[in-house]
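Next come a sequence and a model predicted from it.
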Amino acid sequence: NKIAADLGSKMPAGILDKIRAWRYLSMLGNPRTVLRNLIGNEIMSDVLWTSKDAVGAALEKVMGVEQSQRTKALAFGDAYKANKAYAATTLDDARTALEDSSRYDTKSGIERAIDENRQIFKFKPVEKWREATNWALSEGDTVFLEKQYKRSFAQIMTARGYTPDTMTAKQRSECMSYAINEAKRSTFHDASVVADAISKFENRNVVTKILVGGVLPFKKTPINVLARGVDFSPIGLQPGTAQYVTKVKSGEMSAAQAVDKISSGLTGSALMALGFFLAKSGIITGGNEDEDKYYMSDLGHQDFALN
């Protein structure tokens, strides 16, 4: 970090850096974006992911997944609480991996650390605004990254019967890798081959930077949001079921991985069905594209609201 800070402080910002930073600041530098980031993380982590893991814990037992392969457990009980407390003690070792990437950028490692320590604007009010925006969005993700990390770590420990006193170094490493991956997936921080390829093409020269950056300012987030949307839907349920039948038997995929896909699809499909039922029952209102939308609005009706 000290090396990155030193290098960043000595790297001058060019005109393209300033244009890019100003553009990002114009899109992200407002309280509404920060609030949406927090709400999105809350829904994804504490609603969808928690529900998915509960469904997965039941499926792993029903489908007879071997205990040594299980990754899900119900988030209560003395064993789970003790394991979650132990997971918190491993956070310092996992923090570098957890915070190595951002949902708004494909840069990672030393390259990202240097960027975070650069001064882009000499006009202090604008630079402070840029720094405050980066901090708010980063911290809004970090809270949920660490929360999901501890939950996932405790779940895999509990599911496999590990305890803090008997856990081996290999088992600890396996739990950390699984928990880091789950934390990143739940906050859209996971690596994307497509996003990396687009970024690599973008950085080929000035022309590609302008063209690709102009069309796709953010690469990782839209792709990961689309991927999670497919996972938590009936579309994602079918591949998970098929993979459980074929790839698990052939050894290409573990039973726990297939169960995770199935539980994601079931959870998302159930929530979609619940939303449809509530809308048909008149309990909630979705988007109104009818001709009388303005008339209904004048009567006090709102889109995407409780009635």
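Received, thanks. Numbering: from 1, shown residues only.

going forward, measure contacts and count neighbours with C-alpha atoms only.
Noted.

just checking, residue 136 touches residue 32?
No - using Cα atoms under 8 Å, residue 136 is not in contact with residue 32; the gap is 11.6 Å.

and the two? which has more neighbours close in?
Legend: neighbour count by other Cα atoms under 10 Å for residue 136 and residue 32, higher for residue 136 (18 against 10).

Quick check: nearest residue in space to that one, chain neighbours excluded?
If the residues on either side of it in the chain are set aside, residue 136 comes closest to residue 34, at 6.7 Å by Cα to Cα, 6 or more residues apart in numbering.

Could I get the contacting residues of residue 198?
Applying Cα atoms under 8 Å, 6 or more residues apart in numbering to residue 198 gives the contacts 212, 219.

What are the buried residues along the helix or strand it falls within?
For residue 198, the element it lies in under DSSP states H and E is helix 193-202. By neighbour count with 16 or more other Cα atoms under 10 Å, helix 193-202 contains the buried residues 195-196, 198-199, 202.

Please go through this structure and pick out the longest helix.
Counting residues, the longest helix found in the chain (DSSP state H) is helix 124-160.

Could you name the helices and strands sitting against the helix or strand following it?
The first helix or strand that comes after helix 124-160 along the chain, using DSSP H and E, is helix 169-186. For helix 169-186, the elements it packs on are helix 91-98, helix 124-160, judged by 3 or more Cα pairs under 8 Å, 6 or more residues apart in numbering; DSSP states H and E.

Can you pull up the most central residue in this structure?
Note on the chain: the residue nearest the mean C-alpha position is residue 187, at 1.6 Å, using Cα atoms, centre = their mean.

Now that one. Nearest residue, chain neighbours left out?
residue 41 (6.1 Å).

these two touch, right, that neighbour and residue 144?
Yes - counting by Cα under 8 Å, residue 144 is a contact partner of residue 41 at 6.7 Å.

what do these two both touch?
Taking Cα under 8 Å, 6+ apart as the contact definition, residue 41 and residue 144 share the neighbouring residues residue 187.

what does the helix or strand that contains the residue nearest to residue 136 contact?
For residue 34, the host element (DSSP H and E) is helix 31-42. Where contact means Cα under 8 Å, 6+ apart, the residues beyond helix 31-42 that reach it are 28, 133, 136-137, 140-141, 144, 186-187.

Following it in sequence, what is the next regular element?
Counting by DSSP H and E, the element after helix 31-42 in chain order, helix or strand, is helix 50-62.

Return that next one as PDB; C-alpha atoms alone will do.
As requested, the backbone C-alpha atoms of helix 50-62 are provided in PDB (Å, rounded to 0.1, in the frame of the first residue of the first chain):
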ATOM      1  CA  THR A  50     -29.600 -15.700   2.300                       C
ATOM      2  CA  SER A  51     -32.700 -17.300   0.700                       C
ATOM      3  CA  LYS A  52     -30.600 -19.100  -1.900                       C
ATOM      4  CA  ASP A  53     -28.400 -20.500   0.800                       C
ATOM      5  CA  ALA A  54     -31.300 -21.700   3.000                       C
ATOM      6  CA  VAL A  55     -32.800 -23.500   0.000                       C
ATOM      7  CA  GLY A  56     -29.400 -24.900  -0.900                       C
ATOM      8  CA  ALA A  57     -28.800 -26.200   2.600                       C
ATOM      9  CA  ALA A  58     -32.100 -28.200   2.400                       C
ATOM     10  CA  LEU A  59     -31.300 -29.400  -1.200                       C
ATOM     11  CA  GLU A  60     -27.900 -30.700  -0.200                       C
ATOM     12  CA  LYS A  61     -29.400 -32.900   2.400                       C
ATOM     13  CA  VAL A  62     -32.400 -34.000   0.300                       C
END
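
Remind me what whichever helix or strand comes after that helix packs against, helices and strands.
Using DSSP H and E, the helix or strand that follows helix 50-62 in sequence is helix 78-89. With contacts defined as 3+ Cα pairs under 8 Å, 6+ apart, the secondary structure elements packing on helix 78-89 are helix 124-160.
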